[in-house]
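S.K.: quick check, what structure comes out for this input:
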Amino acid sequence: MEPVSLFDLAAKQAQWLSVRQSAVAGNIANANTPGYTANDVEPFEKVLDRTAVSLQITEPGHLGSAATNAGFTIKPQEDDGVIMPSKNTVVLEDQLLKAGEVRRSFELNTAIVKAFHSMMMMAVKS
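M.R.: Purely as a prediction, here's the structure:
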(Lines give C-alpha, C1' and ligand atoms only; values in the text may rest on other atoms or scores of the structure.)
Protein backbone atom coordinates (compact mmCIF):
# COMPACT_ATOMS: atom_id res chain seq x y z
CA MET A 1 0.00 0.00 0.00
CA GLU A 2 1.37 3.39 -0.98
CA PRO A 3 1.68 6.10 1.68
CA VAL A 4 -1.16 8.61 1.81
CA SER A 5 -0.13 12.15 0.91
CA LEU A 6 -1.19 13.43 4.35
CA PHE A 7 1.60 11.35 5.87
CA ASP A 8 4.09 12.82 3.38
CA LEU A 9 2.93 16.33 4.19
CA ALA A 10 3.17 15.67 7.93
CA ALA A 11 6.66 14.22 7.50
CA LYS A 12 7.78 17.28 5.51
CA GLN A 13 6.38 19.59 8.19
CA ALA A 14 8.11 17.57 10.93
CA GLN A 15 11.42 17.95 9.05
CA TRP A 16 10.83 21.68 8.68
CA LEU A 17 10.00 21.99 12.39
CA SER A 18 13.19 20.13 13.25
CA VAL A 19 15.27 22.56 11.16
CA ARG A 20 13.47 25.54 12.73
CA GLN A 21 14.02 24.15 16.23
CA SER A 22 17.74 23.85 15.48
CA ALA A 23 17.86 27.44 14.21
CA VAL A 24 16.05 28.76 17.30
CA ALA A 25 18.28 26.71 19.61
CA GLY A 26 21.36 28.09 17.85
CA ASN A 27 20.06 31.62 18.33
CA ILE A 28 19.47 31.04 22.04
CA ALA A 29 22.89 29.44 22.45
CA ASN A 30 24.53 32.48 20.82
CA ALA A 31 22.49 35.13 22.62
CA ASN A 32 25.64 36.56 24.23
CA THR A 33 27.97 36.15 21.23
CA PRO A 34 29.10 39.56 19.98
CA GLY A 35 28.15 40.21 16.36
CA TYR A 36 25.93 37.15 16.04
CA THR A 37 22.98 37.54 13.67
CA ALA A 38 19.82 35.63 14.56
CA ASN A 39 18.70 33.04 11.99
CA ASP A 40 15.31 31.66 11.09
CA VAL A 41 13.83 29.27 8.55
CA GLU A 42 11.62 30.40 5.70
CA PRO A 43 7.92 29.96 6.49
CA PHE A 44 6.45 26.51 5.83
CA GLU A 45 3.87 28.09 3.52
CA LYS A 46 6.66 29.13 1.14
CA VAL A 47 8.02 25.57 1.19
CA LEU A 48 4.56 24.29 0.26
CA ASP A 49 4.24 26.87 -2.51
CA ARG A 50 7.45 25.53 -4.11
CA THR A 51 6.31 21.91 -3.84
CA ALA A 52 4.49 20.73 -6.91
CA VAL A 53 1.67 18.26 -6.40
CA SER A 54 1.83 15.40 -8.85
CA LEU A 55 -0.44 12.55 -9.71
CA GLN A 56 0.88 9.03 -9.34
CA ILE A 57 1.04 6.90 -12.47
CA THR A 58 -0.79 3.64 -11.81
CA GLU A 59 -1.20 2.53 -15.44
CA PRO A 60 1.31 2.84 -18.31
CA GLY A 61 -1.12 5.01 -20.32
CA HIS A 62 -1.51 7.63 -17.60
CA LEU A 63 0.16 11.01 -17.92
CA GLY A 64 2.39 12.09 -15.07
CA SER A 65 4.48 14.99 -13.88
CA ALA A 66 7.49 15.21 -11.64
CA ALA A 67 7.25 16.66 -8.14
CA THR A 68 9.90 19.07 -6.99
CA ASN A 69 11.98 18.58 -3.87
CA ALA A 70 11.54 21.42 -1.43
CA GLY A 71 14.55 22.26 0.73
CA PHE A 72 14.53 24.35 3.85
CA THR A 73 16.50 27.57 3.75
CA ILE A 74 18.00 28.95 6.94
CA LYS A 75 18.55 32.65 6.48
CA PRO A 76 19.36 35.61 8.68
CA GLN A 77 16.30 36.79 10.52
CA GLU A 78 14.64 39.88 9.10
CA ASP A 79 15.89 43.04 10.79
CA ASP A 80 13.33 44.28 13.31
CA GLY A 81 15.51 47.16 14.44
CA VAL A 82 16.66 45.54 17.69
CA ILE A 83 20.44 45.36 17.90
CA MET A 84 22.30 44.93 21.16
CA PRO A 85 25.38 47.05 21.95
CA SER A 86 27.49 44.00 21.08
CA LYS A 87 25.94 44.03 17.56
CA ASN A 88 23.96 40.87 18.43
CA THR A 89 20.42 40.64 16.98
CA VAL A 90 19.06 37.84 19.21
CA VAL A 91 16.09 38.81 21.37
CA LEU A 92 15.61 35.99 23.87
CA GLU A 93 11.90 36.69 24.37
CA ASP A 94 11.24 36.31 20.63
CA GLN A 95 13.30 33.13 20.45
CA LEU A 96 11.44 31.59 23.39
CA LEU A 97 8.12 32.42 21.70
CA LYS A 98 9.36 30.72 18.52
CA ALA A 99 10.45 27.67 20.54
CA GLY A 100 6.92 27.47 21.98
CA GLU A 101 5.42 27.73 18.48
CA VAL A 102 7.63 24.87 17.31
CA ARG A 103 6.58 22.70 20.28
CA ARG A 104 2.87 23.37 19.69
CA SER A 105 3.25 22.67 15.96
CA PHE A 106 5.00 19.36 16.68
CA GLU A 107 2.16 18.38 19.03
CA LEU A 108 -0.50 19.33 16.48
CA ASN A 109 1.32 17.49 13.70
CA THR A 110 1.58 14.36 15.84
CA ALA A 111 -2.07 14.52 16.89
CA ILE A 112 -3.28 14.85 13.29
CA VAL A 113 -1.14 11.93 12.10
CA LYS A 114 -2.29 9.80 15.04
CA ALA A 115 -5.97 10.57 14.32
CA PHE A 116 -5.56 9.84 10.62
CA HIS A 117 -3.75 6.61 11.39
CA SER A 118 -6.57 5.55 13.74
CA MET A 119 -9.15 6.28 11.04
CA MET A 120 -7.22 4.20 8.51
CA MET A 121 -6.88 1.32 10.97
CA MET A 122 -10.63 1.40 11.70
CA ALA A 123 -11.38 1.36 7.97
CA VAL A 124 -9.02 -1.57 7.36
CA LYS A 125 -10.40 -3.59 10.28
CA SER A 126 -14.04 -3.22 9.22
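S.K.: mind telling me what element the residue nearest in space to the middle of the chain is part of?
M.R.: Among the residues of the chain, Trp16 comes closest to the average C-alpha position under CA atoms, centre = their mean, at 2.4 Å. For Trp16, the host element (DSSP states H and E) is helix 5-29.
S.K.: centre of the chain to that helix, how far?
M.R.: Chain-centre distance of helix 5-29: 4 Å, with CA atoms, centre = their mean, to the nearest Å.
S.K.: the very next helix or strand once past it - what's its average pLDDT?
M.R.: Moving toward the C-terminus from helix 5-29, the next helix or strand (DSSP H and E) is strand 39-41. Across strand 39-41, the average pLDDT comes to 93.
S.K.: partner strands of strand 39-41, with direction?
M.R.: Here strand 39-41 is paired, per DSSP bridges, with strand 74-76 (antiparallel).
S.K.: wait, the residue nearest to the centre of the chain touches Glu45, no?
M.R.: No. Using CB atoms under 8 Å, Trp16 is not in contact with Glu45, being 10.5 Å away. Every residue, glycine included, has its C-beta placed from N, CA and C.
S.K.: many thanks, we can stop here.
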